[in-house]
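Asker: below is the sequence, then the predicted model.
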Amino acid sequence: MPWYENLLAGLMPGAQLLLVVLGIPVLVFGLLKLLVLPLALWFQVQVTRRRRTGQGTLLNEWPTVSIIVPAYNEATVIENCVRSIQLTTYDRYEVVLVDDGSTDNTLELMHELAAGDPRITVLTQENAGKGAALNRGLNYSTGEVLMFVDADGIFSRSTVKRMLQGFTDRRVGAVCGDDRPVNLNRVQTRMLAFISHVGTGLVRRALTVIGCLPIVSGNIGAFPRSVLADVGPFREDTVGEDLELTWRVHRAGYNVVFAPKALVYAESPSTVHALWRQRVRWARGLLQTMRVHKDMIGNLRRGRFGAYLLFNTVTMVALPVLQLALLLDLLLLVAGGRSPLGADAWAVLGWLGLVVTAVLTLFGLSLNRAWPDLRHAWTLPLVPFYSVFTGLTMAAALLQETRGKQAHWNKLKRTGVVSVPTAAAVTEVRV
């Protein structure tokens with residue numbers, strides 16, 4: 001028997017034991033994630049009750065809103081963003097455009113857009129990063145509500161109103177809107193559009209119900225000025241400035257909620273390389289935020305959010321790495337001629353995973369009233385590969401953070417592709 005066959009044979013008992021050790025937590029936490037279904041449905045029940053009782057929101061107070069748009073080399077998309085904001089049906093707003101030392105003609109376009117609209121102000125600074133650009137706009141703005149949006153975001157006419165309706169009481173310290181892909185010209189972006197109804201439509205609803213929504217997306221988020229005066233501005237030393245700020249809002253005792261009707265369409269990465277850079281940056285932002293707020297993770301004195309952060313650490317950091325290790329272990333077993341559950345059992349598990357993903361996505365589509373996105377359902381078989389991909393990005397992020405590699409904004413290179421109706425035709429979506 002060749003030496004490598006002897007080696008494989010010797011590794012088989014350990015590999016089989018490792019399969020159980022790794023497989024059980026992956027299965028258990030995977031099943032726990034299914035709780036998003038009843039929680040998301042309960043979110044809808046609560047929304048219906050508020051609508052029937054006519055409960056007032058911040059919209060009734062008609063506050064002034066400052067829409068702050070940081071931009072670095074965004075000449076391809078900045079006009080679409082600003083034009084869509086100008087079409088909003090809410091008129092008590094100002095737009096603060098912050099150029100972060102762009103090397104293209106972003107600043108020139110900003111001035112052209114502002115020339116015909118006194119509600120638009122243009123600021124510029126030396127390149128200092130997104131957090132610094134956001135704070136520059138924050139310090140200049142005058143609105144009672146501060147709304148932050150990325151430069152590729154395209155508003156619907158009702159986005160601002162729907163964000164304000166998310167503030168249902170004085171304890172709501174932040175509202176997160178629903179960001180959906182605008183560039184549906186690639187297989188990759190179509191897959192991301194299809195599965196986003198789970199990651200945003202279902203998960204954000206569910207986490208709002210239990211008071212544990214951990215992030216107000218940089219794509220579209222709103223905060224009362226009084227809340228930011230209490231918790232402080234964006235940190236400028238992390239690539240996850242939106243995540244870190246959201247955790248601070250929770251730390252101060254405020255609620256963070258999801259407003260599914262507040263739509264913004266934004267670009268998703270259209271190449272594997274761009275997706276890799278974005279997901280690694282997101283993972284590093286999470287790890288950096290965990291380091292800043294490590295005292296909150298698993299701390300029951302922080303209530304449900306502290307407990308949830310422990311669950312989040314397992315599912316977002318540990319579990320992706322465990323899944324990679326499990327995959328390698330399975331490959332080792334197959335190479336050694338072993339199939340612990342039998343070929344048929346693995347096939348059943350594989351199909352079951354796709355079926356569960358499809359069911360969750362259908363629920364998300366239903367809640368979002370986004371049935372046209374069913375045309376992207378053919379991308380579903382790519383989801384397992386995407387899952388492995390995200391696991392690799394977390395592993396890369398862990399390695400980079402361990403080595404202390406400098407983190408940068410690493411923003412996407414915009415394509416300017418718009419696959420939804422033009423800003424003038426983007427109307428409210430019933431949810």
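Answerer: Nice, I can see it. Numbering: from 1, shown residues only.

Asker: so residue 157 sits in a strand?
Answerer: No - under DSSP: H, G, I helix; E, B strand; the rest coil, residue 157 falls outside any strand and is assigned coil.

Asker: what about the strands in the protein?
Answerer: 65-71, 93-100, 120-125, 145-149, 154-155, 172-181, 220-224, 255-266 (DSSP state E).

Asker: what does the shortest one contact?
Answerer: Read that as strand 154-155. With contact meaning Cβ atoms under 8 Å, 6 or more residues apart in numbering, strand 154-155 is reached by 80-81, 84-85, 87-88, 149, 182, 263-266, 418, 420, 423, 426. C-beta: built from backbone N, CA, C; applies to glycine.

Asker: at 10 Å instead, please
Answerer: Residues from elsewhere that reach strand 154-155 (Cβ atoms under 10 Å, 6 or more residues apart in numbering): 67, 77, 80-88, 147, 149, 163, 177, 180, 182, 220, 262-267, 418, 420-423, 426.

Asker: can you pull the contacts of the residue nearest to residue 319 when sequence neighbours are not counted?
Answerer: Take residue 319 and drop its neighbours on the chain: the residue closest to it by Cβ to Cβ, 6 or more residues apart in numbering is residue 29, 5.7 Å away. Residue 29 sits next to 311, 314-315, 318-319, 322 when contact means Cβ under 10 Å, 6+ apart.

Asker: can you go through the residues you listed and name the buried ones?
Answerer: Listed as buried from those are 319, 322; burial here means 16 or more other Cβ atoms under 10 Å.

Asker: can I have the buried ones of the contacts of strand 154-155 as a PyMOL selection?
Answerer: To isolate the buried members of the contacts of strand 154-155 in PyMOL, using 16+ other Cβ under 10 Å:
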select buried, resi 67+77+80+81+82+84+85+86+88+147+149+163+177+180+182+220+262+263+264+265+266+267+418+420+423+426
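
Asker: closest to residue 56 out of the strands of the chain?
Answerer: Smallest distance to residue 56 across the strands of the chain (Cβ to Cβ): 12.6 Å, for strand 172-181.

Asker: quick one: list the elements packing against that closest one.
Answerer: Using 3 or more Cβ pairs under 10 Å, 6 or more residues apart in numbering; DSSP states H and E, the elements in contact with strand 172-181 are strand 145-149, helix 159-165, helix 187-196, helix 203-209, strand 220-224, helix 225-231, helix 241-251, strand 255-266.

Asker: redo these as CSV? Include distance to residue 302 and mean pLDDT.
Answerer: Listed next are the helices and strands packed on strand 172-181 as CSV, based on distance: least, Cβ to Cβ, whole Å; pLDDT from 0 to 100:
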stretch, distance to residue 302, mean pLDDT
strand 145-149, 25, 97
helix 159-165, 26, 97
helix 187-196, 29, 93
helix 203-209, 15, 95
strand 220-224, 20, 97
helix 225-231, 15, 97
helix 241-251, 7, 96
strand 255-266, 13, 95
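
Asker: and these as CSV, adding distance to residue 47?
Answerer: CSV is the format used below for the helices and strands packed on strand 172-181 (distance: least, Cβ to Cβ, whole Å):
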stretch, distance to residue 47
strand 145-149, 21
helix 159-165, 10
helix 187-196, 20
helix 203-209, 9
strand 220-224, 18
helix 225-231, 23
helix 241-251, 21
strand 255-266, 8
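
Asker: ok, what's across the strand from the nearest residue to residue 133 once chain neighbours are set aside?
Answerer: The shortest distance from residue 133 to any non-neighbouring residue, by Cβ to Cβ, 6+ apart, is to residue 70 (3.6 Å). Per DSSP bridges, the residues bridged to residue 70 are residue 98.

Asker: and residue 70, how far from residue 132?
Answerer: 9 Å (Cβ to Cβ, to the nearest Å).

Asker: ditto for residue 125
Answerer: To residue 132, residue 125 is 7 Å away according to Cβ to Cβ.

Asker: tell me the contacts of residue 273?
Answerer: Contacts of residue 273 by Cβ under 10 Å, 6+ apart are residue 413.

Asker: that one and residue 141, how far apart?
Answerer: Separation of residue 273 from residue 141 (Cβ to Cβ): 35 Å.
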